[in-house]
Structure formats: C-alpha cells, structure tokens
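>>> Dropping a prediction and its sequence here:
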Amino acid sequence: MTARGRGGALGRYCATAVGVRMVDAGAGVGLLLVAAQRLDDPVTAARTGGLLVALFTLPHLAGPLLARRLDLARDPRRLLGAAYAVVAVLLAAAAWTLGRAPTPLVAALVVLAGFGGPMLTGGLSSRLADLAGAGERAQRRAQGLDATSYGVAATAGPTLVAALAGWLSPASALACLAGLGLVSAALAQTLPPVPARPVAAVPRVREVLALVIRSPPLRRVNYATMVTAGAQAGLAVVVVQLAGPYDVRPATAAVLLAASGAGNLVSSLVLSVVPLTGEPDRLTTRHVAVLAGCFGLCALAPSFGWAIAAFALMGVTTAPFVTATFAARTAYAPEGARGQVFVTLAALKISTASGGTALAGLLVGLGPHALLLLGGSAVLAAAVATVVDRRLSGAPGPDQQVGAPARLSGPA
C-alpha cells in the first residue's frame, strides 16, 4: 500500500471509529432520556433507564468469546459491519418500544445490542496495526489517532444525543445515532482487506485468556488498565459531590469532566502528530504513575478554578496512557490472536469501569476529596505493582519487543 493509500485508509478508519464509538458513548444517555420521557413516574424512569444502561454494558463480558470469530473471519470488515448494523437496528428498536412494550422485551433488545459492543471498541482497534504500516513511528501515530477517536466520541456522542433530544425527541435522537451506526457499518467495508489467517494460527479462547495472565507485559497492561479505568469511572460521581465544597451548582461542577475530556482530546491530537517513543510496557507504568499524581492534585485543589486545571491535566495525561496501552496490546499480542487480546482487555476494562462507578456511589459518604485520594492510591498501587512485577518476571524478551509478534507458549 502506498503512503497516500495508507493515509486514505487511516482517514476512513478514523471516520468509522468516531462514528461507532459515538454510538457506544451516546446510547446510555439516549436510553435514559427516552425512559424519562415515556415513563410517568420519575423513580421508575430512573430505575428502568439505569437498568437498560447496565444491560447494554454487561454483554461486553462476552467479548472474548466473540472475538475469535474476528480473528478467523475471511473478511473482518464484513463481521465488523454486520455487528455495527445489528447494534444500530436493535438500539433503534429499543428506543421505539420503550414505554410501549413490556420492559423485558426492551431489555432483551438492549442486551442483544450490547453483545456487539466489543466490536465497536477493541474489535475495531485490533485492525489498526494492519493499516498503519511498518515501523514504530507509524504505529504510534496511528494509535494516537485511535485514542483521539475515543476522545472525540466520548464528548460528541452524548452531546449529539442531548441536542437532538431537545430539538426533536429522545427516541428520534437514538434513531439518528442508529443511523450513524449504519453509516459507519458501510464505511468499514471501504477499509483495505487483510489476508485470512489459517485456523491453526488462531488460538482458542481459553489459550488467549491464559496468555493475558502468563505473558508478563500483557498481564501488567491489563491490571494497570483495569485499576485506572475503575478509578476514573468514579469521577462521574465525584464531580457532582464537589459542588458543595466549591460552592457551585452540580451542573457547574460537571465542567470538571468537560475539562478532563478537553484535555484528553487535545493531548490525543498532539500524539497523532508527535508519537510516543519508548517501550510500551515501561511507558504504561510511567503514565499510570503520572495519573496517580493527577488524582492527588484534583483532591488538593483549593478552589474551583484550580480544580478545573487539575482535571484538565488529568485529561492531558490520560491520552498518552491510553496510547501506551494500545501500543502494548499491539506489540505483545500474537498476530493470530490480536483481535481476541484487544477485545478481552477492552471487556475487562469496561467491566471494571462499571464496578468503579458503583463503588464510588457506595462510598460517597466518605466525601469527594477522600474518594479522589482513594482512587489515586489505587492507581499508584497499580503502578508500583507493575514495577515489582517487571523486576520479578524480567523485561519483555526478544519475542516481545516492539514490532515483533508475541508467541503463545502452547499449541494453537
């Protein structure tokens, strides 16, 4: 593939990635808004909406079971496109039936849509290495673009749904989001094809799960990502609680999350131009430690203005951490199991994030500053654990250096 052709492929990849990840990020907001409009009792609406959001997230745990099909697919584009189209249609159907049909039916539609969720995140990211070209710099630049797609989608998805819900209706907003998913499914078909892999070269699910534990660098990036995701997911609860100490309204306190998102987006854009350099395993440790310090700065911010700056800094430092984890997955995953590794780690990350939000809600009585310090302590502990783990198990060997495909220790 020529440099110009590769640039065009990356552009189409980014458009696809932003589209499907806007669907993933905006679906929960849309379901909550539809429930609030259609159900008369506010308590019932909140419970039903919250249940549906949880049911959309829960099937991500099945990601490792579905990801092997992606590695085995003769044409991964078709599988990804089919997944995006199914998620879009099912979300639109759930929006139309919510409040008009029995709740179990709506829940079933949302659960089925959730099974396609891993393909919107890790499944698509696993295809990036084949498009980016050889060389560490090209791969890191592409991973920076992928991180940017998450940052854009995390902001644009909920914003689009909220705007369309006010202009049209919540159900219409979800329908438009579903339309975006269908467009992304079509765009995925324009990505360059990749050679089919022989069945013998694609490990089974249980072997990949064992690899994530046995491979020291994959193990480290996995638990570091999980702990960090859980701590950061609790920020949604924390910022609302910070309204009291800073004497601002809860809606104003939400600016802290916006500042973090803006910092993340700007940093991701910079990394797509000036790629990270260095060994991914150590980069991950370094940026986890920096994030732990950002939690401490957020906890100690003396005023709302300083809190905005601290949360923005956390967003800035999140982007290189995410990019480092993408680089680690690409560098240390076996080529025949890249899709499974990406989806497995993404599924564990999403599950931990859900748990982090729930735990923050349970511990809200401790106060927001204590929660921030607790989250920072957990992230710092994860950083220290990666250092100890590396000293005990050694640095990645020759088969696990950047640009070399990792190998399974057992037969495929």
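Thanks, I have it.

>>> Now do A54, the pLDDT please.
Looking at A54, its pLDDT stands at 78.

>>> That one: neighbour count?
Counted with other C-beta atoms under 10 Å, residues neighbouring A54 total 15. C-beta coordinates here come from the backbone N, C-alpha and C atoms, glycine included.

>>> show me what contacts it?
S354 (C-beta atoms under 8 Å, 6 or more residues apart in numbering).

>>> do L291 as well
Neighbours of L291 in contact, by C-beta under 8 Å, 6+ apart: T228, Q232, M314, T317, T318, F321, V379.

>>> most surrounded residue in those?
Using other C-beta under 10 Å as the neighbour test, the contacts of L291 are led by T228, with 29 neighbours.

>>> That one against H287, yeah?
No. Using C-beta atoms under 8 Å, T228 is not in contact with H287; the gap is 9.0 Å.

>>> Name the residues contacting each of the two.
F321.

>>> other SSEs contacting the helix or strand of the chain with the lowest mean pLDDT?
Ranked by mean pLDDT, DSSP states H and E, the weakest helix or strand in the chain is helix 250-253, scoring a mean of 72. Secondary-structure packing of helix 250-253 (3 or more C-beta pairs under 8 Å, 6 or more residues apart in numbering; DSSP states H and E): helix 235-241.

>>> still on that earlier bit, next helix or strand past the least confident helix or strand of the chain?
Scanning forward in sequence from helix 250-253 by DSSP states H and E, the next helix or strand is helix 255-273.

>>> Buried ones in that following helix, by neighbour count?
For helix 255-273, a neighbour-count test (16 or more other C-beta atoms under 10 Å) marks 255-269, 271-272 as buried.

>>> same check, this time on stretch 54-72
55-61, 63-64, 66-72.

>>> Same question for stretch 350-366.
Buried positions in stretch 350-366, judged by neighbour count with 16+ other C-beta under 10 Å: I350, S351, T352, A353, S354, G356, T357, L359, A360, V364.

>>> What mean pLDDT does that stretch get?
The average pLDDT within stretch 350-366 is 81.

>>> any idea how far that stretch is from the chain center?
Put simply, stretch 350-366 sits 17 Å off its chain's centre (C-alpha atoms, centre = their mean, to the nearest Å).

>>> Show residues contacting that stretch.
Residues from elsewhere that reach stretch 350-366 (C-beta under 8 Å, 6+ apart): 54, 57, 60-61, 117, 121, 226-227, 229-238, 241, 371, 374-375.

>>> Any of the residues you listed buried? List them.
57, 60-61, 117, 121, 226-227, 229-235, 237-238, 241, 371, 374-375.

>>> So which of those residues belong to helices?
With helices defined by DSSP state H, the entries of those inside them are 57, 117, 226-227, 229-233, 235, 237-238, 241, 371, 374-375.

>>> Quick one: which of those residues has the lowest pLDDT value?
Note: of these, the lowest pLDDT belongs to V237, at 77.

>>> can you pull the contacts of that residue?
Listed by C-beta under 8 Å, 6+ apart, the contact set of V237 reads T357, A360, G361, V364, L371.

>>> Go through those and name the one nearest V387.
Lowest distance from V387 to these (C-beta to C-beta) belongs to L371, with 25.2 Å.

>>> Could you verify my assumption that that closest one touches Q232?
No. Between L371 and Q232 there is no contact under C-beta under 8 Å: 11.9 Å.

>>> where do the helices sit along the stretch 101-250 of the chain?
In the stretch 101-250 of the chain, the helices defined using DSSP state H, counting those that start in this stretch lie at 103-115, 117-118, 124-125, 128-132, 136-167, 170-188, 205-214, 216-233, 235-241, 250-253.

>>> I'd like the contacts of V237 as CSV, with secondary structure appended.
Converted to CSV, the contacts of V237 look like this (DSSP: H, G, I helix; E, B strand; the rest coil):
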residue, secondary structure
T357, helix
A360, helix
G361, helix
V364, helix
L371, helix
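
>>> Now that L33 has come up, it's in contact with A173, right?
Yes. Using C-beta under 8 Å, L33 is in contact with A173, at 7.0 Å.

>>> what residues do the two have in common as contacts?
Counting by C-beta under 8 Å, 6+ apart, the shared contacts of L33 and A173 are V161, A162, A165.

>>> Of those residues - the most surrounded one?
Across these, the neighbour count under other C-beta under 10 Å reaches its highest value at V161, namely 27 neighbours.

>>> Give me the helices and strands touching the host helix or strand of H369, please.
Using DSSP H and E, H369 sits in helix 368-393. Counting by 3+ C-beta pairs under 8 Å, 6+ apart, the packing neighbours recorded for helix 368-393 are helix 216-233, helix 235-241, helix 280-300.

>>> can you redo the ones you listed as JSON lines with distance to L187?
Below are the helices and strands packed on helix 368-393 laid out as JSON lines (distance: least, C-beta to C-beta, whole Å):
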{"stretch": "helix 216-233", "distance to L187": "27"}
{"stretch": "helix 235-241", "distance to L187": "30"}
{"stretch": "helix 280-300", "distance to L187": "29"}
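
>>> isn't A154 right up against G261?
Yes. The pair A154 and G261 qualifies as a contact (C-beta under 8 Å) at a distance of 6.2 Å.

>>> picking that back up, point out the one among the helices and strands packed on helix 368-393 that comes closest to L79.
Across the helices and strands packed on helix 368-393, L79 has its closest neighbour in helix 216-233 (23.7 Å, C-beta to C-beta).

>>> for that closest one, packing partners?
Under the contact criterion of 3+ C-beta pairs under 8 Å, 6+ apart, helix 216-233 touches helix 205-214, helix 280-300, helix 304-332, helix 338-362, helix 368-393.

>>> residues in contact with H369?
Applying C-beta under 8 Å, 6+ apart, we find H369 in contact with P245, A299, L300.

>>> and the last one, how far is that from T252?
Think L300. 20 Å (C-beta to C-beta, to the nearest Å).

>>> Was I right to think T318 contacts A259?
No. Counting by C-beta under 8 Å, T318 does not reach A259; the two are 12.0 Å apart.

>>> quick one, longest helix in the protein?
The chain, longest helix under DSSP H: helix 3-38.
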